[in-house]
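**Student:** here is the input, now give the coordinates:
(one chain, ligands or ions: 2)
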Amino acid sequence: MKTSRRQGIVIAAGLLVLLLIPLLSSSFYITVLNNIGMYALATLGVVLLTGVAGMTSFGQAAFVGLGAYTTAALIGPSVFNLGAMTGVPWIALGLGLLITLAFAFVLGLLTLKLSGHYLPLGTIAWGMSLYSLFGTLESLGSHTGIADLPPLKIAGVVFGDGPRMYYLIWGSVLLAALLIHNLLESRMGRAIRALRGGQEMATSMGVDVFRAKMVVFLIAAGLAGISGWLYAYTQRFVSPAPFNVQSGIDYLFMALLGGVTSLWGALIGASIVVLLREWLQDLLPLLLGRAGNFESIVFGLLIVLVMQRWPGGVFGAVSALLARRFQLTPRSQARLPLQGAQRAGTAGLQALPQRARPSPGERVLDVRGVTKRFGGLVANNAVSLQVEAGEIMAVIGPNGAGKSTLFNLISGVMAPDEGDVIFRGHRVNGQSPRLLAAAGLSRTFQHVKLLPEMTVLENAALGAHLRGRKGVFASALRLDGEDEGRLLNEARTQLERVGLGEFLDRPAGSLALGQQRILEIARALCADPCLLLLDEPAAGLRLKEKEALAELIRKLRTEGVAVLLVEHDMDFVMGLVDRIVVMEFGQKIAEGLPDAIQRDPAVLKAYLGGVDE
Ligand code: ADP
Ligand code: MG
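**Tutor:** Ligands and ions are numbered 1, 2, ... in the order given. The predicted structure follows:
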């Protein structure tokens with residue numbers, strides 16, 4: 001493929017430049033590049049947290065500090081003084097990582113389950129307390145820190161702070177970027193990227209949201225820990241100042257400036273900030289005629305400007321520019337599109353195993369007298385209905401009748417105050433949507449919840465999350481080939497089944513609304529459901545799109561899927577479904593065949609003559 005070949009050339013050229021730089025530049029610039037590399041490594045973690053998973057952390061510097069201080073305490077002269085022993089660098093790295101991850105795990109347990117601003121606030125508190133801990137502990141040298149650290153020595157080779165350290169630092173950056181890139185293109189990666197689509201959507205796809213957040217949080221902290229280890233050996237001196245909250249903000253700033261939608265953003269952001277700071281620290285005092293911390297003000301203004309003009313950061317702005325210039329698809333719109341389609345093309349893979357189908361006529365869903373109150377309002381009042389395998393049932397009713405509430409009770413978003421929801425013979429009141437998905441209940445959303453930047457194929461594959469096995473390590477190391485190939489094949493099969501087969505590589509956000517709704521159905525089908533719940537699938541569709549949708553739902557019925565749809569649009573429903581339940585003011589006012597419902601006086605009254613006879 002042309003684009004991937006061009007990418008290969010760009011990457012190879014970049015690697016060559018990176019390799020040659022130490023031979024061509026002064027030791028000053030090698031030091032600067034080493035700093036950039038260490039910042040970039042930790043900033044990769046921030047990009048992952050903020051840009052990919054939608055979480056904000058001000059605590060990255062504190063994690064770098066933990067890695068650096070652990071190393072310094074082990075190798076420095078004042079605490080354990082193990083510096084001269086062989087193998088100690090690895091012990092320092094392992095211990096630094098262990099401590100960083102342990103702290104991140106505890107902080108994650110405390111904040112990741114809470115929504116909103118608890119995580120950012122938690123990371124600020126964490127950054128401040130760790131900073132004061134470093135500053136007060138006598139054994140860690142309080143405010144003066146730990147000096148006279150020995151240089152890094154591995155297998156007799158001394159790394160110092162020059163070219164050798166440069167290769168180590170940049171080797172780590174590239175390796176980390178490669179592993180994360182692999183991870184993001186996998187089953188776990190899709191789960192992580194789904195976090196931005198909202199908790200409700202991710203859970204309904206079977207993603208363990210808390211676990212996915214924790215994984216990202218730990219990876220980010222781990223990268224910071226490694227960066228800290230490199231820092232201690234490069235600077236050979238640690239003090240609290242570089243690890244305060246201000247520095248935590250710097251990392252966030254680098255990520256936002258570089259562009260959080262891409263791993264390249266970390267490299268770009270770290271480079272700009274480090275170089276600009278060097279330059280401004282020389283220039284501003286000359287311009288202003290006195291010494292001071294003026295570069296912070298410039299950075300502050302810069303971030304406001306960037307956020308206003310280029311929300312995708314420098315990476316986003318430049319790739320959009322290049323796209324216009326060379327007529328490429330902008331990368332920020334079509335993230336990682338090629339690989340997915342290539343891997344889905346793998347022939348000779350076994351299809352995913354399917355769950356045992358309910359026999360035709362088997363009662364799949366049994367809702368028994370559910371009541372749901374919101375304060376004084378009874379949104380559902382003793383509602384009952386049953387759906388059989390191979391049947392299409394619609395719940396209709398005017399706005400505010402309680403259809404969405406009923407839908408939420410069935411799909412596990414909330415639990416009924418009274419009554420029971422029985423799915424395939426088991427009582428599932430208020431059970432997590434994730435477990436319901438595992439049991440064979442899949443859904444779409446009234447307001448489409450897709451990941452617009454991900455490809456159609458990847459969006460659909462997210463629905464098959466629970467049918468894959470491979471986790472973080474396997475995918476980072478690309479040992480998930482077969483698993484991933486089968487998931488993507490399934491996604492492609494379902495997309496072809498619903499008629500979206502020609503759009504696999506397109507960003508989901510570029511589809512028309514009707515197609516997006518159909519994509520949501522394909523995503524739900526990837527979970528191999530026995531019951532499909534569709535919340536107002538026809539809303540906002542044009543006539544032609546409604547016809548295509550009805551066609552698809554009929555096709556699913558012949559394949560034995562039970563479909564329960566909640567719909568506002570009587571006309572859409574009448575020609576399509578087998579049975580109808582009508583709701584008004586939270587109550588079921590009628591149930592029966594479409595013909596009978598159309599003549600039911602109570603229904604006609606509820607719709608105020610809105611049905612043409
Ligand atoms: P429909 O989907 O049929 O339009 P809903 O189930 O959304 O109806 O709403 C039924 C009633 O319950 C409405 O009066 C609505 O205002 C109320 N309602 C729905 N969800 C909530 C909620 N989370 N909190 C309070 N009231 C709610
Ligand atoms: Mg509704």
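**Student:** can we go C-alpha only for contacts and neighbour counts from here?
**Tutor:** Noted.
**Student:** what sits up against stretch 157-169?
**Tutor:** 19, 22, 27, 30-31, 33-34, 37-38, 151-153, 230, 233-235 (C-alpha atoms under 8 Å, 6 or more residues apart in numbering).
**Student:** can you tell me which of those residues are in helices?
**Tutor:** Residues of the contacts of stretch 157-169 located in helices (DSSP state H): 19, 22, 27, 30-31, 33-34, 37-38, 230, 233-235.
**Student:** next structured bit after whatever helix or strand Gln598 lives in?
**Tutor:** If you go by DSSP states H and E, Gln598 is part of helix 594-599. Downstream of helix 594-599, the next assigned helix or strand under DSSP H and E is helix 601-606.
**Student:** ok, now which ones touch the residue in the stretch 501-613 of the chain that ligand 1 sits nearest to?
**Tutor:** When scored by C-alpha to the nearest ligand atom, the stretch 501-613 of the chain has Gly586 as its residue closest to ligand 1, at 6.6 Å. If a contact means C-alpha under 8 Å, 6+ apart, then Gly586 has 378-381, 383, 401-403 as its contacts.
**Student:** pLDDT score assigned to it?
**Tutor:** If you check Gly586, the pLDDT there is 93.
**Student:** picking up where we left off before, Arg196: which of the contacts of Gly586 is nearest?
**Tutor:** Taking C-alpha to C-alpha as the measure, Arg196 sits nearest to Lys403 out of the contacts of Gly586, at 26.7 Å.
**Student:** not counting its neighbours along the chain, what's nearest the closest one?
**Tutor:** The shortest distance from Lys403 to any non-neighbouring residue, by C-alpha to C-alpha, 6 or more residues apart in numbering, is to Val566 (6.4 Å).
**Student:** let me know how buried the one you found is, in neighbour terms.
**Tutor:** Using other C-alpha atoms under 10 Å, Val566 has 25 neighbouring residues.
**Student:** show me the contacts for it.
**Tutor:** 394-396, 403-404, 407, 533-537.
**Student:** list buried members of the contacts of stretch 157-169 by neighbour count.
**Tutor:** Buried by 16 or more other C-alpha atoms under 10 Å: 22, 30-31, 33-34, 37-38, 151-153, 230, 233-235, out of the contacts of stretch 157-169.
**Student:** let's have those in TSV, adding pLDDT and distance to ligand 1.
**Tutor:** Shown next, in TSV, are the buried ones among the contacts of stretch 157-169 (pLDDT from 0 to 100; distance: C-alpha to the nearest ligand atom, whole Å):
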residue	pLDDT	distance to ligand 1
Pro22	84	61
Ile30	91	58
Thr31	91	57
Leu33	93	53
Asn34	94	53
Gly37	95	48
Met38	96	47
Pro151	89	60
Leu152	90	58
Lys153	86	61
Leu230	96	50
Tyr233	94	55
Thr234	94	55
Gln235	93	55
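**Student:** pick out the most distant pair among those residues.
**Tutor:** Leu33 and Lys153 (20.5 Å).
**Student:** check what pLDDT the closest residue to ligand 1 within the stretch 201-350 of the chain gets.
**Tutor:** Using C-alpha to the nearest ligand atom, the closest approach of the stretch 201-350 of the chain to ligand 1 is made by Met201 at 16.8 Å. pLDDT for Met201: 92.
**Student:** gap between it and Gly376?
**Tutor:** 29 Å (C-alpha to C-alpha, to the nearest Å).
**Student:** that's a strand at Pro452, yeah?
**Tutor:** No. Looking at Pro452 with DSSP: H, G, I helix; E, B strand; the rest coil, it is coil, so not inside a strand.
**Student:** give me phi/psi at it?
**Tutor:** In terms of degrees, to the nearest 10, the main-chain angles of Pro452 are phi -60, psi -30.
**Student:** how deep is it tucked in, by neighbour count?
**Tutor:** 19.
**Student:** element containing the closest residue to ligand 1 within the stretch 1-150 of the chain, please.
**Tutor:** Nearest residue of the stretch 1-150 of the chain to ligand 1 (C-alpha to the nearest ligand atom) works out as Ser115 at 17.0 Å. Ser115 belongs to no helix or strand when assigned by DSSP H and E.
**Student:** list the contacts of the closest residue to ligand 1 within the stretch 401-550 of the chain.
**Tutor:** For the stretch 401-550 of the chain, the residue closest to ligand 1 is Gly402, as judged by C-alpha to the nearest ligand atom, at 3.2 Å. Applying C-alpha under 8 Å, 6+ apart, we find Gly402 in contact with 379-380, 583-587.
**Student:** spell out which parts of the stretch 151-300 of the chain neighbour ligand 1.
**Tutor:** Nowhere does the stretch 151-300 of the chain come near ligand 1, counting by C-alpha under 6 Å from any ligand atom.
**Student:** where does the stretch 151-300 of the chain have low pLDDT?
**Tutor:** Scanning the stretch 151-300 of the chain for pLDDT under 70 picks out the ranges 291-292.
**Student:** okay, and the residue of it found nearest ligand 1 sits in which element?
**Tutor:** The nearest approach of the stretch 151-300 of the chain to ligand 1 comes at Glu200, 13.8 Å away (C-alpha to the nearest ligand atom). For Glu200, the host element (DSSP H and E) is helix 199-204.
**Student:** same question for Leu365.
**Tutor:** Going by DSSP H and E, Leu365 is in strand 363-374.
**Student:** mind listing what's buried in the next helix-or-strand element following that strand?
**Tutor:** Next along the chain after strand 363-374, taking DSSP H and E as the criterion, comes strand 377-388. Within strand 377-388, the residues scored as buried using 16+ other C-alpha under 10 Å are 379-385, 387-388.
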